[in-house]
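Trainee: Sequence first, predicted model second:
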Amino acid sequence: MRRTRTKGGRGLVCLAMTFLLLGWQASGRAQAQQAPATGDTRAALIARQQQEKSKQVKPYEPNKAEVWVKKLEQQFITGSMRWHPFFQSAYRGGGFTVGAGYAAPVSAYNTLDFRGSYTITGYKRAEVAFTAPRLFNRRGALTVIGGWREATQVGFFGIGTDNTSADDRTNYSFKQPYGSALLEVRPARNWFVLAGGAEYSQWDQNPGKGTTWPSVEEVYTPATLPGLGAKVTYMHLQGTAAIDWRTSPGYSRRGGLYAATFHDYKDADDTYGFQQVDYDVIQHLPLGRDAWVLSLHGRVETTYGKDGEVIPFFMLPSLGGGSDLRGYSSWRFRDRHSLLLQAEWRVLVNSFFDTALFYDAGKVAASRSDLDFDGLKSDYGIGIRLHGPAATPLRIEFAKSNEGLALVFSANSAF
Amino acid sequence: MNPRTLFSRLAGHRRLVTTVAASGLIAAAALAVVHTADPKFFSDDPIAREPETADASGAKPWDIDLFYDLSYNLFVTPKHVPSNTRAQNLNTIDEVPDSSWFTNRVGSRALTADEIVRGPVVNPAPVSSRWTITREKTSGDAPGFTAQDASGQTWFVSFDAPANPQGATGAVVVATKIYWALGYNQIEYFVTQMHPEAIGIAPDATRRRPSGERTPMTQADVREVLDRADRGPDGSYRAAAGRLLSGNVLGGFKYHGTRPDDPNDIVAHEHRRELRALRVFGAWTNLTDMKAGNTLDTLITEGGRGVVRHYLQDVGSTFGVGANGPHEWNEGHEYVYQGGPTRRRLFSFGLALSPWQTADYEKHDAVGRFEGDSFDPEKWKPRTPTVAYLEMRDDDAFWAARRVMAFSDELIRAVVKTGQYSDPKAEQYLADVLIKRRDKIGRTYLPKINPIVNPALDAAGQLTFGNAAVQAGFAKAPASYKATWFNFDNATGEATRVSQTDSALERMQAPAQLRTTPGSYVKVELSATSAEHKSWSQPVQVYFQRQANGWRLVGLERLP
């Protein structure tokens, strides 16, 4: 059956092709018998084609994709009207965040940015930021922010490293209005950085929301946990001296940061005041012609009490979360001092995409002398990052610790 | 596709075949009645210049969006399947005629060192005693201005990155002359100096601020640009100054399609050989940035008509350094995004080494990451592909390689000298690398297809020709050459075989039976037998027309 049909098909094909060939030959004979009609020259033939096109010329019209790309470009890059995404959560550990902002220019370079965000756990942030990025003849940048935020279920696992457990989690919430100003200056427009700032804010600590974990006041009392239920008004002053020769804080494959920051938290009621010094060291070591980067980060946060005052539990240095001990829950470890050590082996997959293996280790301690390498909590993991030359808009990581596996989504680099 | 396969496939589409056959009959009948055909060769073949006869004065400026162009070329263009179409702007002897795109120079005629050193320059150098900034730089993020010199001439001024003194300015001046010699329309570029105290600002010069508003340009704006440039020990800035083109600027051109508003632009750009050949020229000079934004169309008036003239306006991303610093390590080896290397590095966690990780670059800040030892012309990649880049065939590459090979060592050293590098070792290194890469291009593309060139048939019937690969020393002479001779009917295209001749040398005698009446045509299929190069057995089709005093070459087809 199949063979018959094929034969029939072939016969038909032969017939068709014969007709085609006959037609072609007839056409060829016609060509041979008649003089060229397009003129005697190649130039005339081309001229005729150009004259034909001249009847159909029209201005270039970009297609839909080009129009949209241009619109997006004007919106986010070159334009003056700047709706933008805003992924900064109200507080660490809030989970997946959505948000948006509108940056309105107030002068040639300065902007007012109205922005807000919301997380799946109900964290909220709304603020207005004034940014003046080119003060002192491009040597300084000033940021002034006023806003309000609420975090509904911040984890608290107790004080210390080894004497706490993931099962000890409790929750607290807080609401905070705040106003701050931060001035960063590069006196010689190079790697030397000085920064100073002030913040006036009120921490209103309240019971945690959610049903998975108990609220903090169900486990602790104000006597066992300083600051529980407190409403603290701080004037926070800070100053930083740094050497920073990274290409950008948001994404860098070379350079380093060596910084020390002093904080003074003055409680209006002289109850919860304290001081804190942070030391940060970041070094990016490119290897194999930037194909790999060994990135190292060390951080020490150490607090100093004021006479007759205590540090509330929610202001203690902490570890745990998507940018430090990534295999642990956010705020997993808290105490008066902390030590963090991080190493990443970053691999350049292409110009927009990196992957990385990382190892984090750290501890918190009640005493500075205990900030040693004994009893460090650690994790390791793997991640991918979408990045531009100066920013990392998406970082996704899997981190493994002895307390389980953590999935990290972030709109910033780890360090 | 062979005929058997074609018939077999058609058998499965009976209705289609019936329709096609009927259409064929109707078309043939129509052709027989109304269509008159063209002969294979016209009286003016081979043309030396592509005519531009229509008035293009209605062409309007367009703006090819940088991000769209980049995205399209990164994510859409790579999926383009090359059509294997012969370039469509060739004359009948497989050459690119002069046009508003291209002018035959090196490889078509002897070019002297003086000519190449002068390059596109026809007017005086800028008078650098005083500069007046007239406009901010509007494209690219490299530091630069539009400025007038002391004589009132307008220039596009660009600088060197602090880490690569003389790199970008030297590259653009040298590359401009190379690409001019290769045939492309180029801007006149000079190395010049800018002393900060000699810089003024035109009263109407403005700068677009991040807020979107335009405000008068200030000295602080000038300082901001200069802060990103390399400053010499005497406080001055070495700059490259490109002269403002005459005519109305229409924007860049795309490497595919045609300008819809230019009636003379009738050949799709991806089928223009000179644009396809940029794959070879780009590989030679490491011209990695082939975006539309680095091209420019201008509307000029010629013979009372508007004509669009096409420029490669910025060939400064050559060699191993750009205006912002050295090329990325992987430039020239990979597209900005390329699936294969991305997957390989992703799944091997970077342990599968890429060639750019092991290439040995001699350190010269003025030259950057440019070397010849690991260079492979066929593996070279620009930052983003273009459709013309993908459409390049072996005959296009052969054509381009002959032009690259036409640069003698002397010409290369002369043109590199125009970069005015203060370090003679850098100058020598750059020339050495260009020579090394030139030879690799020749070694790659000249023997790849039948390299028979320059066929000539004299009045006595002596056929002579050359072998480009053998002449360049990149291949051994073949065991023999074969010529199959035909009398050719130009009107019908019918070729009647006469005989075949063989020779171990690059000459042989034509058979006596060839028609020799004036105006008659012969066709010769020229091939070679080489154990090392099987492709040489594919004949080059050569056509001669009998003249009163001998034979004239009118046709050459290297590949169908």
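Mentor: Good, I have the coordinates.

Trainee: what's downstream of the helix or strand hosting B:E427, the next helix or strand?
Mentor: Applying DSSP states H and E as the criterion places B:E427 in helix B:424-445. Using DSSP H and E, the helix or strand that follows helix B:424-445 in sequence is strand B:452-457.

Trainee: Identify each buried residue in that next one, please.
Mentor: Across strand B:452-457, burial judged by 16 or more other C-beta atoms under 10 Å in any protein chain shown covers B:I452, B:V453, B:P455, B:A456, B:L457. From N, CA and C alone the C-beta is placed, and that goes for glycine too.

Trainee: Name the strands paired with that strand and say parallel or antiparallel.
Mentor: According to DSSP bridges, strand B:452-457 forms sheet pairs with strand B:462-467 (antiparallel).

Trainee: can you list contacts of the partner strand?
Mentor: B:451-458, B:475, B:477-478, B:481, B:483, B:506-510, B:524, B:526, B:528 (C-beta atoms under 8 Å, 6 or more residues apart in numbering or on different chains).

Trainee: And stretch A:278-292, by the same measure?
Mentor: A:242, A:246, A:252-261, A:263, A:293-302, A:345-348, A:415, B:328-329, B:345, B:350, B:353-354, B:356-357.

Trainee: Quick check: helices, which of those residues are part of them?
Mentor: Here DSSP state H is the test, and these give B:R345, B:W356, B:Q357 as lying in helices.

Trainee: Now the buried members of the contacts of strand B:462-467.
Mentor: Buried among the contacts of strand B:462-467 (16+ other C-beta under 10 Å): B:451-453, B:455-457, B:475, B:478, B:481, B:483, B:506, B:508, B:510, B:524, B:526, B:528.

Trainee: of all these, which comes closest to chain A?
Mentor: Ranked by distance to chain A (C-beta to the nearest C-beta), the buried ones among the contacts of strand B:462-467 are led by B:P455 at 20.2 Å.

Trainee: per-residue pLDDT, the nearest residue to that closest one once chain neighbours are set aside?
Mentor: Excluding the flanking residues, the one nearest B:P455 by C-beta to C-beta, 6 or more residues apart in numbering or on different chains is B:F465, at 4.3 Å. Predicted confidence (pLDDT) for B:F465: 98.

Trainee: Same question for B:A168, what's its three-state structure.
Mentor: helix (DSSP: H, G, I helix; E, B strand; the rest coil).

Trainee: That one contacts B:G320, doesn't it?
Mentor: No - assessed by C-beta atoms under 8 Å, B:A168 is found out of contact with B:G320, at 10.7 Å.

Trainee: Compare neighbour counts for the two and give me the winner.
Mentor: B:A168 (32 against 24; other C-beta atoms under 10 Å in any protein chain shown).

Trainee: what does the stretch 351-500 of chain B have sitting close to chain A?
Mentor: Residues of the stretch 351-500 of chain B lying near chain A by C-beta under 8 Å from any C-beta of the partner chain: B:L353, B:S354, B:W356, B:Q357, B:D489, B:A491, B:T492, B:G493.

Trainee: neighbours around the residue in the stretch 201-350 of chain A positioned nearest to chain B, how many?
Mentor: In the stretch 201-350 of chain A, the residue that lies nearest chain B is A:V347 (3.7 Å; C-beta to the nearest C-beta). For A:V347, the neighbour count with other C-beta under 10 Å is 21.

Trainee: Name whatever forms a beta bridge with it.
Mentor: A:W292, A:T355.

Trainee: Contacts only, for it.
Mentor: For A:V347, the contacting residues are A:A291, A:W292, A:D354, A:T355, A:A356, B:R345, B:L346, B:F349, B:G350, by C-beta under 8 Å, 6+ apart.

Trainee: Among those, the buried ones, what's the ChimeraX command?
Mentor: Here is the ChimeraX command that selects only those of those that count as buried (16+ other C-beta under 10 Å):
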select /A:291,292,354,355,356 /B:345,346,350
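
Trainee: With distance to A:S173 as extra columns, can I get the contacts of A:V347 in a markdown table?
Mentor: A markdown table is the format used below for these (distance: C-beta to C-beta, whole Å):
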| residue | distance to A:S173 |
| --- | --- |
| A:A291 | 46 |
| A:W292 | 43 |
| A:D354 | 36 |
| A:T355 | 36 |
| A:A356 | 34 |
| B:R345 | 44 |
| B:L346 | 41 |
| B:F349 | 42 |
| B:G350 | 44 |
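
Trainee: quick one: which of the contacts of A:V347 is nearest A:D167?
Mentor: Of all these, A:D167 sits closest to A:A356, with 30.4 Å by C-beta to C-beta.

Trainee: Pull out the buried positions in stretch B:199-210.
Mentor: Buried, per 16+ other C-beta under 10 Å, within stretch B:199-210: B:I199, B:I201, B:A205, B:T206, B:R207, B:R209, B:P210.

Trainee: Stretch B:485-498 too?
Mentor: Of all the residues in stretch B:485-498, those buried under the rule 16+ other C-beta under 10 Å are B:W485, B:F486, B:N487, B:F488, B:D489, B:N490, B:A491, B:A495, B:V498.

Trainee: Check stretch A:284-300 too.
Mentor: So for stretch A:284-300, counting by 16+ other C-beta under 10 Å, buried means A:284, A:286, A:288-293, A:295, A:297-300.

Trainee: Taking those, tell me the two that lie furthest apart.
Mentor: Maximum pairwise distance among those (C-beta to C-beta): 33.1 Å, between A:R289 and A:V300.

Trainee: Now do the contacts for residue 245.
Mentor: No chain was given, so I picked chain A. A:N190, A:W191, A:G255, A:G256, A:L257.

Trainee: sorry, should have said chain B
Mentor: Contacts of B:L245 by C-beta under 8 Å, 6+ apart are B:I187, B:L296, B:T298, B:Y311, B:Q313.

Trainee: Mind checking what secondary structure the residue lying closest to the first one once chain neighbours are set aside has?
Mentor: Using C-beta to C-beta, 6+ apart and skipping residues adjacent in sequence, the residue nearest B:I187 is B:G242, 4.4 Å away. Taking three-state DSSP as the rule, one finds B:G242 in the strand state.

Trainee: now swap in the one 4 residues further on and tell me
Mentor: Secondary structure for B:S246, judged by three-state DSSP, is coil.
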